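**Q** Mind folding the following:
(chains A and B)
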Number of protein chains: 2
Amino acid sequence: MRQAGRYLPEYRAVREKTDFLTLCKTPELAAEVTIQPVDIIGVDAAIIFSDILVIPEAMGMHLEIEEGKGPVFHDPIRSEEDAKKLELIDPSEKLKYVLDAVSLTKKELNGRVPLIGFSGSPWTLLTYMVEGKGSKSFSQVKKMIYSNPALAHSILDKLAIVAGNYLSAKIEAGANAVQIFDTWGGILNRDEYLEFSLRYIEKTISLIKRKKEPVIVFSKGVHHSLKKIAASGTDVVGLDWTMNLKKVRKTIGQKVALQGNLDPTVLYAPEEKIREEVKRVLKSYGKGSGHIFNLGHGILPDIDPEKAKALVKFVKEESVKYHN
Amino acid sequence: MRQAGRYLPEYRAVREKTDFLTLCKTPELAAEVTIQPVDIIGVDAAIIFSDILVIPEAMGMHLEIEEGKGPVFHDPIRSEEDAKKLELIDPSEKLKYVLDAVSLTKKELNGRVPLIGFSGSPWTLLTYMVEGKGSKSFSQVKKMIYSNPALAHSILDKLAIVAGNYLSAKIEAGANAVQIFDTWGGILNRDEYLEFSLRYIEKTISLIKRKKEPVIVFSKGVHHSLKKIAASGTDVVGLDWTMNLKKVRKTIGQKVALQGNLDPTVLYAPEEKIREEVKRVLKSYGKGSGHIFNLGHGILPDIDPEKAKALVKFVKEESVKYHN
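**A** Numbering: from 1, shown residues only, chains lettered A, B, ... in the order given. Predicted coordinates:
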């Protein structure tokens, strides 16, 4: 999950000098904020600072990040006509700035911790591209899959190709693992999830050129298709905090590693409670390898950095006994 | 689920003359909009037009419904001091206007269809009371349960008593069934859900004075505790559209009836697709009694009423063969 962000005064200092998109597009600055949590919080891996919406932007959409309101596309994709404007880009050209950020970060990390690259899943990218902004009911993208599924499929197919090539390029630039964020897979019922989300996650994974670099898939809220996600070609399945690690390990833990699943709001709690919750998550997974401790979603902007530090400390202390 | 609303021109005509809260508080108007979907859409039951937040308002909080922004409490409950202001009300006094609306609606329905009353679950009411407005991260209420669980428990206990008495009074006023809406149970992990939500749903149910009137519990997104919900004392379990009716029926369908679970956005689809989805839901439950066809959440405000009519027609046509 994203580790850099507004909760860190060091990040806010960088952001005072520049807007969000310029930060994403300036490798030196992206590398700087990517490494901040490694230095300050002590996490075991860095995740490249970027945004999932750089893909649709590179494909020709006009992206604006409005402070406090989130990302907005003023030209959402609603018709075949709109979709024609989407360019099947070569990420190594159009998203070179991300790859440069990956290379530079990798160099600056100098082997201290691994570096993770990421992409939005095709479905999650589509929801933003069609809605144009955050949504509660996702009415526009649902209208598309019900009224014109062929159009949705054609865009999703294009997105899977771009995402696959993008993640391949990140690995080539030095990423040690790549994560596919499917933030909105959970708004679909099971059949729709398989048809419109998982199918294109599988296509994305199949296109990733890699040696040993693992793939992580996180479909938030998708409690009904964990076996199918585990069979998608991924190496790791991310789980939100409503999932029971113990149960999920029994079901799919022989095939894949599990990532998660602390509720990010636990970082609002007093330190004793954070430790208690860390112990609960570790105990739930139990002994042996195959668990990547993580939050069940990104760090919230008003978290006290001291709490994030405490979390990392507690995980390091409490997990020892599970590794023997 | 709420059936009356902005999607109906007849509802908008009533709303032009009055604001939302006045509509809730004027039995004649509440009865009028409650019956609209029965007349216009042809549903098999009426659900009283009201809002779950009338309970905290009656307990002393100042509620404002801001058009397009939803409900706001400008005096959220964050401390023991705040909580002391909450009055343990007698709903038959302070919420008499809802009971009058129930009696009047019942009279005007004149036995045509049953009438359903509802309450928010204690946990869902608490989230609004603590956040003060809609939230994505629910940081304030999570802070409360982590930092001061005793305070949360004391308010939840009070809310369960009021909700239980409120639903009893609705039954006395003529409601044929009562529903407990737990819209935000799904933001909790399993342990927290059992401790802060289900426990108080159980208390609410235990306090409901009733003869044969069934209780319906709908904890949106709570995929992990369906067996426990089925054992809560409820007669019906509501399911959102991410749940598999067939599987859930196998697990808990001998104990309780199931309600749901069409995605409300399916009403954006062309009529053929709506019929197809109706068939899918009916087939998933299968033959025999114990299924209440419903949406997995409320009707969205920009739905075409013709689509809602078509849905009801399709359910009536397609369900016949499952009842033999």
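
**Q** Pretty sure A:Ala83 sits against A:Ile155.
**A** Yes: with contact defined as C-beta atoms under 8 Å, A:Ala83 reaches A:Ile155; the gap is 5.4 Å. (C-beta placed from N, C-alpha, C; glycine too.)

**Q** Who has more neighbours out of the two?
**A** Each of A:Ala83 and A:Ile155 has its neighbours counted (other C-beta atoms under 10 Å in any protein chain shown); A:Ile155 has more, 23 against 18.

**Q** Let me see the contact set for that one.
**A** Listed by C-beta atoms under 8 Å, 6 or more residues apart in numbering or on different chains, the contact partners of A:Ile155 are A:Ile77, A:Ala83, A:Leu86, A:Leu126, A:Met129.

**Q** Now the terminal residues of stretch A:113-122, how far apart.
**A** 28 Å (C-alpha to C-alpha, to the nearest Å).

**Q** Give me the common contacts of A:Ala83 and A:Ile155.
**A** A:Ile77.

**Q** so where's chain A uncertain?
**A** A:324 (pLDDT under 70).

**Q** domain assignment for it?
**A** Chain A is divided into the following domains under automatic domain parsing: A:9-238, A:263-324.

**Q** Packed most tightly, which of the ones you listed would that be?
**A** domain A:9-238 (a mean of 19; mean count of other C-beta atoms under 10 Å in any protein chain shown).

**Q** Give me the distance between that domain and the centre of its chain.
**A** Its chain's average C-alpha position is 6 Å from that of domain A:9-238, according to C-alpha atoms, centre = their mean, to the nearest Å.

**Q** How about stretch A:226-240?
**A** 14 Å.

**Q** Can you tell me the SS state at A:Ile116?
**A** Of the three states, A:Ile116 takes strand under DSSP: H, G, I helix; E, B strand; the rest coil.

**Q** For it, give me its contacts.
**A** A:Ala45, A:Ala46, A:Ile47, A:Ile48, A:Ala175, A:Asn176, A:Ala177, A:Val178, A:Gln179, A:Ile216.

**Q** Which residue is the nearest non-sequential neighbour of it?
**A** Excluding the flanking residues, the one nearest A:Ile116 by C-beta to C-beta, 6 or more residues apart in numbering or on different chains is A:Ile47, at 4.4 Å.

**Q** OK, contacts around that neighbour?
**A** Here A:Ile47 is in contact with A:Met1, A:Arg2, A:Gln3, A:Thr34, A:Leu115, A:Ile116, A:Gly117, A:Phe118, A:Gln179 (C-beta under 8 Å, 6+ apart).

**Q** same deal with A:Ala45?
**A** Counting by C-beta under 8 Å, 6+ apart, A:Ala45 has contacts A:Val113, A:Pro114, A:Leu115, A:Ile116, A:Asn176, A:Ala177.

**Q** Am I right that the third one is in contact with A:Ala46?
**A** Yes: in this structure, A:Leu115 sits in contact with A:Ala46. The criterion is C-beta under 8 Å, and the distance is 5.1 Å.

**Q** any residues in contact with both of the two?
**A** The contact lists of A:Leu115 and A:Ala46 share A:Thr34, A:Thr105, A:Leu109, where a contact means C-beta under 8 Å, 6+ apart.

**Q** Out of the contacts of A:Ile116, name the two that are farthest from one another.
**A** Maximum pairwise distance among the contacts of A:Ile116 (C-beta to C-beta): 14.3 Å, between A:Ala46 and A:Ile216.

**Q** Kindly report the residues of chain A close to chain B.
**A** A:137-139, A:142-143, A:146-147, A:186, A:188-191, A:221-224, A:241-244, A:263-266, A:268-270, A:273, A:280, A:300, A:302 (C-beta under 8 Å from any C-beta of the partner chain).

**Q** one more time with 7 Å, if that's ok
**A** A:137-139, A:142-143, A:146-147, A:186, A:189-190, A:223-224, A:241-242, A:244, A:263, A:265-266, A:268-270, A:273, A:300, A:302 (C-beta under 7 Å from any C-beta of the partner chain).

**Q** Please flag which of the residues you listed sit within helices.
**A** A:Ser139, A:Lys142, A:Lys143, A:Tyr146, A:Ser147, A:Arg190, A:Lys273 (DSSP state H).

**Q** can you tell me which two in those are farthest apart?
**A** The farthest-apart pair in those, when distances are taken by C-beta to C-beta, is A:Ser147 and A:Lys273, at 47.5 Å.

**Q** Now whatever residue of the stretch 51-200 of chain A ends up closest to chain B. Nearest residue, chain neighbours left out?
**A** With C-beta to the nearest C-beta, the shortest gap between the stretch 51-200 of chain A and chain B falls at A:Tyr146, namely 3.3 Å. Residue nearest to A:Tyr146 in three dimensions, not counting chain neighbours: B:Ala269, with 3.3 Å by C-beta to C-beta, 6+ apart.

**Q** for the one you found, phi and psi?
**A** The phi and psi values for B:Ala269, taken as degrees, to the nearest 10, are phi -80, psi 160.

**Q** you'd agree it is up against A:Asn148?
**A** No: using C-beta atoms under 7 Å, B:Ala269 is not in contact with A:Asn148; the gap is 10.5 Å.

**Q** that older thread, got the contacts of A:Ile116 as TSV, with secondary structure columns?
**A** As requested, the contacts of A:Ile116 are exported to TSV (three-state DSSP):
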residue	secondary structure
A:Ala45	coil
A:Ala46	strand
A:Ile47	strand
A:Ile48	coil
A:Ala175	coil
A:Asn176	coil
A:Ala177	strand
A:Val178	strand
A:Gln179	strand
A:Ile216	strand
